[in-house]
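**Q** make a model of this:
(2 chains)
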Amino acid sequence: MNPVIELQRVTKRHGALVRLAEMDLTIKEGEMLALLGHNGAGKTTIMKLILGLIAPSSGHVDVLGGAPDGPHAERLRRQLGYLPENVTFYEQLTGREVLTYFARLKRADRHQVTVLLERVGLVEAADRRVKTYSKGMRQRLGLAQALLGSPRLLLLDEPTTGLDPAATRDFYQAVKALRDNGCTVLLSSHVLPGIEPYIDRALILGKGRRLALGSLKQLREEAQLPLTFRIHGTLLAMQSQLWKAMSLEPIPINERCVEVNVPAENKMQVLRQLTTMPNIDDIELSPPTLEHLYTHFSTRPASLTLGASA
Amino acid sequence: MKAMFIVAAKEFQDGLRNRWVLAITVILAVLAMGIAYFGAAASGGLGFTSLATTLVSLSTLAVFLIPLIALMLAYDAVVGEQEAGTLLLLLTYPISRSALMFGKFFGHGMILAVATLLGFGIAGMVIALGAEGVPLIQLTVGLARLIASSVLLGWVFLAFAYLISVTVTEKARAAGLALGVWFLFVLVFDLVLLALLVGVKQGGDWLPYLMLLNPTDSFRLINLSGFDSTQLESGIAAIAQQGAFHSAWPPLAMLVWVVVPLLLAVRRFHRHTA
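**A** Residues are numbered from 1 along each chain as shown, chains lettered A, B, ... in the order given. Sure, this is the predicted structure:
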């Protein structure tokens, strides 16, 4: 598959401040990639470079077969959808009017406005002023806006800020449906559990540099983080020889429950031993989540991660 | 081109919806009728006096109001959208920055044009119907000139407003600067000019040309010249009464005052990072 986005040794300086340093990134068609990082890590800078809103200080950006800030921009812009982080739509207009305005500017079919309003669940509120919308409704209107003209590339900057968990799930399910139709999605978010089930790969950024890049599986392998076993049973904390034999350190949660961290390679071995013990009622297994991985990579000293590969 | 008209249409519709058009129309019409009726109050009379007095008073009203209205209408055109985040979004749309800026100018420009035409037009009709012995042709010509130059004056200050709006990053600052611009061109400039007029004992042939440096003075020149009685009423216009230059100059100067700030604003907008 052709790469939809290609960044080659892209650096963006802002005065003395380096917003992005020697970034290499290739995103394939139909991929859903998450940009993770603290504020100022370079997430929005990457999006703005891809959108052609800013030009790289050095290096090369290629989006859908051309530089996004050159003559290719006009054609490119009809094929991409963007939802900025903080956007307040024209409050005096109704949802339908806002969407119609953007549809006309994007030369999208007028019928799409009604279809999209239905898709994001705003049909009933369509003829009310945006002023009266809740945060979630505004965000959904923003998504509908990004979907105008059936984009091949979707950039979502913190799309679920201020949404409740159910709304977040609905939002990502809508995005996933698009991805399944071949749309490439690039998104940034602070709400890591929300995006975990949906993304193909994650790029973890810190101070404009790549700290890690890969699928969850790859990141887990690279990070070598232990799994967490939560064990329910009786007298668990007492059996110190047992834990010692398995070279594990139990963390008591309460009288009937302990947690142990198990290196990934010992998982099956520990599991077999535990299942033979009569006083254990239940074992909960949790692999390191995206949140753990993110914490792991973003707190690692930068010198260790320069050579990190995808 | 098409994108520009989409933006213009949206701005104009906003103007209708926010009741800008209605408000400007009503203010201009009511004040204009008031001036026409109470124009002679200072000399102890009521009712319509003379066409010249009325038109001169109307243009004095317009000099204060129209720039203020134009600046208020457009000072947040760019910085407002920037604060809302919609500017960032629009810049990722298939529309050039020039088209966005010119679209806004045409939209706002139409709001001013329609409202001025309606406001002064209604007042003119009331004068024509209500007052006795008004020379209709002269009224029409005078009013047409007033309306056309008022619209031009409004466009000048729209262009100023965009220049302010692309320069600053906060709406509040844009509002402050807009007031400053109004103050400078409507009040301060004339005071300085009057001071010069009094101060310069001889020579001073160049003084009338200074008036072209201020769009509001050009506006005054367009509307006040041609009425004998105005020399008494406007010290400023008296400077240019000796026929210092051709009558086409003031309108041309105003056109320049529309085009130059507008192009500067577009140029700045191109360098603008949302």
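**Q** CA atoms for contacts and neighbours, from now on please.
**A** Noted.
**Q** give me the nearest residue to the residue in the stretch 51-200 of chain B that chain A sits nearest to, chain neighbours excluded.
**A** Evaluated by Cα to the nearest Cα, the stretch 51-200 of chain B has B:G85 as its residue closest to chain A, separated by 4.3 Å. Spatially, and ignoring its direct neighbours in sequence, B:G85 is nearest to A:V87 (4.3 Å; Cα to Cα, 6 or more residues apart in numbering or on different chains).
**Q** count the residues that sit near the one you found.
**A** Neighbourhood size, A:V87 [other Cα atoms under 10 Å in any protein chain shown]: 19.
**Q** residue contacts, it?
**A** Listed by Cα atoms under 8 Å, 6 or more residues apart in numbering or on different chains, the contact partners of A:V87 are A:142, B:84-86.
**Q** repeat the analysis, applying 10 Å as the threshold.
**A** The contact partners of A:V87, by Cα atoms under 10 Å, 6 or more residues apart in numbering or on different chains, come to A:138-139, A:142, B:81-89.
**Q** look up phi and psi at it.
**A** Main-chain dihedrals, A:V87, degrees, to the nearest 10: phi -140, psi 130.
**Q** what pLDDT does the model give it?
**A** pLDDT recorded at A:V87 is 86.
**Q** the residue of the stretch 51-200 of chain B closest to chain A reaches A:T88, doesn't it?
**A** Yes - with contacts counted by Cα atoms under 10 Å, B:G85 reaches A:T88, the gap being 6.1 Å.
**Q** hang on, A:L285 packs against A:F229?
**A** Yes - taking Cα under 10 Å as the definition, A:L285 is a contact partner of A:F229 at 4.8 Å.
**Q** can you list residues touching both of those two?
**A** A:259, A:262, A:267, A:271.
**Q** hmm, back to that, now distance to B:P261 and secondary structure too, for the contacts of A:V87, in JSON lines please.
**A** Shown next, in JSON lines, are those (distance: Cα to Cα, whole Å; DSSP: H, G, I helix; E, B strand; the rest coil):
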{"residue": "A:R138", "distance to B:P261": "36", "secondary structure": "helix"}
{"residue": "A:Q139", "distance to B:P261": "37", "secondary structure": "helix"}
{"residue": "A:G142", "distance to B:P261": "34", "secondary structure": "helix"}
{"residue": "B:E81", "distance to B:P261": "20", "secondary structure": "helix"}
{"residue": "B:Q82", "distance to B:P261": "20", "secondary structure": "helix"}
{"residue": "B:E83", "distance to B:P261": "23", "secondary structure": "helix"}
{"residue": "B:A84", "distance to B:P261": "25", "secondary structure": "helix"}
{"residue": "B:G85", "distance to B:P261": "25", "secondary structure": "coil"}
{"residue": "B:T86", "distance to B:P261": "24", "secondary structure": "helix"}
{"residue": "B:L87", "distance to B:P261": "21", "secondary structure": "helix"}
{"residue": "B:L88", "distance to B:P261": "23", "secondary structure": "helix"}
{"residue": "B:L89", "distance to B:P261": "25", "secondary structure": "helix"}
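**Q** kindly supply the PyMOL command isolating those of the residues you listed that are buried.
**A** Buried subset of the contacts of A:V87, written as a PyMOL selection, criterion 16 or more other Cα atoms under 10 Å in any protein chain shown:
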select buried, (chain A and resi 138+139+142) or (chain B and resi 81+82+83+84+85+86+87+88+89)
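**Q** which one of the contacts of A:V87 is nearest B:L158?
**A** Taking Cα to Cα as the measure, B:L158 sits nearest to B:E81 out of the contacts of A:V87, at 16.3 Å.
**Q** circling back to that earlier point, for the residue of the stretch 51-200 of chain B closest to chain A, grab phi and psi.
**A** phi 90, psi -10.
**Q** OK, contacts around it?
**A** Applying Cα under 10 Å, 6+ apart, the residues contacting B:G85 are A:84-89, B:79, B:274.
**Q** reformat those as JSON lines; add distance to A:A73 and secondary structure.
**A** JSON lines is the format used below for the contacts of B:G85 (distance: Cα to Cα, whole Å; three-state DSSP):
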{"residue": "A:P84", "distance to A:A73": "18", "secondary structure": "coil"}
{"residue": "A:E85", "distance to A:A73": "22", "secondary structure": "coil"}
{"residue": "A:N86", "distance to A:A73": "23", "secondary structure": "coil"}
{"residue": "A:V87", "distance to A:A73": "22", "secondary structure": "coil"}
{"residue": "A:T88", "distance to A:A73": "25", "secondary structure": "coil"}
{"residue": "A:F89", "distance to A:A73": "24", "secondary structure": "coil"}
{"residue": "B:V79", "distance to A:A73": "24", "secondary structure": "helix"}
{"residue": "B:A274", "distance to A:A73": "17", "secondary structure": "coil"}
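**Q** which residues in the stretch 101-250 of chain A form helices?
**A** Secondary structure of the stretch 101-250 of chain A, counting by DSSP state H, counting those that start in this stretch: helices at A:111-119, A:135-146, A:165-180, A:192-195, A:216-223, A:240-245.
**Q** what residues sit buried inside the fifth one?
**A** Buried residues in helix A:216-223, defined by neighbour count with 16+ other Cα under 10 Å: A:216, A:219-220, A:222-223.
**Q** check the first one too.
**A** By neighbour count, and taking 16+ other Cα under 10 Å as the criterion, the buried residues in helix A:111-119 are A:112-113, A:116-117.
**Q** will you turn those into TSV that also has pLDDT and distance to B:L255?
**A** Shown next, in TSV, are these (pLDDT from 0 to 100; distance: Cα to Cα, whole Å):
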residue	pLDDT	distance to B:L255
A:Q112	92	42
A:V113	95	41
A:L116	92	45
A:L117	93	45
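**Q** so which two of these are the farthest from each other?
**A** Of all pairs in those, the most separated under Cα to Cα is A:Q112 and A:L117 at 8.4 Å.
**Q** list the residues that contact both of the two?
**A** With Cα under 10 Å, 6+ apart as the test, A:Q112 and A:L117 both reach A:99, A:144.
**Q** got CSV for the helices of the stretch 101-250 of chain A, with distance to chain B too?
**A** Shown next, in CSV, are the helices of the stretch 101-250 of chain A (distance: least, Cα to the nearest Cα, whole Å):
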stretch, distance to chain B
helix A:111-119, 16
helix A:135-146, 9
helix A:165-180, 19
helix A:192-195, 23
helix A:216-223, 31
helix A:240-245, 56
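**Q** quick one, which of those helices gets closest to A:G37.
**A** helix A:192-195 (10.6 Å).
**Q** other SSEs contacting the closest one?
**A** Contacts defined by 3 or more Cα pairs under 10 Å, 6 or more residues apart in numbering or on different chains; DSSP states H and E place helix A:192-195 against strand A:32-36, helix A:165-180, helix A:290-299.
**Q** just these: most buried one?
**A** strand A:32-36 (a mean of 25; mean count of other Cα atoms under 10 Å in any protein chain shown).
**Q** note down every partner strand of that strand and its orientation.
**A** strand A:184-188 (parallel), strand A:201-206 (parallel) (DSSP bridges).
**Q** any idea of the angle the first one forms with helix A:165-180?
**A** Inter-element angle recorded for strand A:184-188 and helix A:165-180: 150 degrees (by axes from the mean of the first three to the mean of the last three Cα atoms, to 10 degrees).
**Q** show me what the helix or strand hosting A:I5 is packed against.
**A** A:I5 belongs to strand A:3-14 when assigned by DSSP states H and E. In this structure, strand A:3-14 makes packing contacts with strand A:17-28, helix A:43-51, strand A:58-63, strand A:184-188, judged by 3+ Cα pairs under 10 Å, 6+ apart.
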